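[1] pasting a predicted model and its sequence here:
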Amino acid sequence: MQKLMTNSRITETDAVAARIGGAYEKSGPESDTRLNEMITDLMEKRARLLEAIKRAKAESDLEEKDEVRDNGLRSLVYLVQGFTHHPDPVVKAAAVKVDDVLDRYGLSVTEESYSTESALINSLLTDLAKPNMQESVAALSGCAELIAALRTAQDAFEQARIAYEAEKAQEGTEANASTLKKEVTDVINNQLVVYLNAMMLVDDAAYGAFGRTVAEIIDENNEMVKRRRKKPEPAE
């Protein structure tokens, strides 16, 4: 039985551990207390790894939502700036009025901290929603739609930030995903694989079915890792 390749991704290691746990429930020898302790330890570490993955996912989602609202603000600014050169004096005057509001904030807000950017974008949206701005906004084709899209993107970011902060609150007491991946891999490679290799030689009737299933799970993962070696690695 091969060992799990240590350069498996964090999510792949989590999946292997989960599949091993499921295989043990189906075909593992229940009378072996030592094996049961290994599986219990593996599942406990896998549970902690899964929580760490959730925290990392929440952070990634927050970054994606921030990029969406940044792009929304850029689209709005560029649209209005384009209208300031419109040949129709009415449209041009409306664009200048809206542009004056946007210019008070500028695209530099996208470089601020999350909290500062949120405060500034909310303030911008409030200014653009004032009654004296509605006629000018309506005169610019697509402007109202982009303002609404920016509001939607801002609301989505705030929801993502709430989820991120909830996960982040646990980070001070929880190990990160990379550390937990190593712990899970260590249980699989240095305990479970070593033990099953020995016990399958001693009592194949009792350990063979489970051992071969574990071997297949690890082999499938390792083959996937090997095939990926020639391809560019995406971020974890």
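    Looks like it arrived, so ask away.
[2] Asn189: neighbouring residues, count only.
    16 (other C-beta atoms under 10 Å). Yep, even glycine has a C-beta here, placed from its N, CA and C like the rest.
[3] now do the contacts for it.
    Asn189 is in contact with Lys3, Leu4, Thr6, counting by C-beta atoms under 8 Å, 6 or more residues apart in numbering.
[4] okay, and the second one sits in which element?
    Okay, so that is Leu4. Per DSSP states H and E: Leu4 is located in neither a helix nor a strand.
[5] ok, now which ones touch it?
    Thr13, Val16, Thr185, Ile188, Asn189, Val193, Ile218, Asn221, Asn222.
[6] out of those, name the ones that lie in helices.
    The members of the contacts of Leu4 that map onto helices under DSSP state H are Thr13, Val16, Thr185, Ile218, Asn221, Asn222.
[7] quick check on those: which are buried?
    Burial by neighbour count, judged by 16 or more other C-beta atoms under 10 Å, picks out Thr13, Val16, Thr185, Ile218, Asn221, Asn222 from the ones in helices among the contacts of Leu4.
[8] how about those in JSON lines, adding distance to Tyr24 and pLDDT?
    Below are those laid out as JSON lines (distance: C-beta to C-beta, whole Å; pLDDT from 0 to 100):
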{"residue": "Thr13", "distance to Tyr24": "17", "pLDDT": "94"}
{"residue": "Val16", "distance to Tyr24": "13", "pLDDT": "96"}
{"residue": "Thr185", "distance to Tyr24": "17", "pLDDT": "96"}
{"residue": "Ile218", "distance to Tyr24": "14", "pLDDT": "96"}
{"residue": "Asn221", "distance to Tyr24": "17", "pLDDT": "94"}
{"residue": "Asn222", "distance to Tyr24": "20", "pLDDT": "94"}
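[9] can you list the domains in the chain?
    Under the assignment automatic domain parsing, the domains of the chain span 10-56+176-228, 60-168.
[10] how far away is Ser27 from Ala205?
    12 Å (C-beta to C-beta, to the nearest Å).
[11] more crowded one of these two?
    Remark: of Ser27 and Ala205, Ser27 carries more neighbours, 15 against 8, as counted by other C-beta under 10 Å.
[12] contact partners for the more buried one?
    Ala209, Phe210, Thr213.
[13] I'd like the average pLDDT over the longest helix seen in the chain.
    Using DSSP H, we find that the single longest helix of the chain is helix 33-83. Here helix 33-83 scores 91 as its mean pLDDT.
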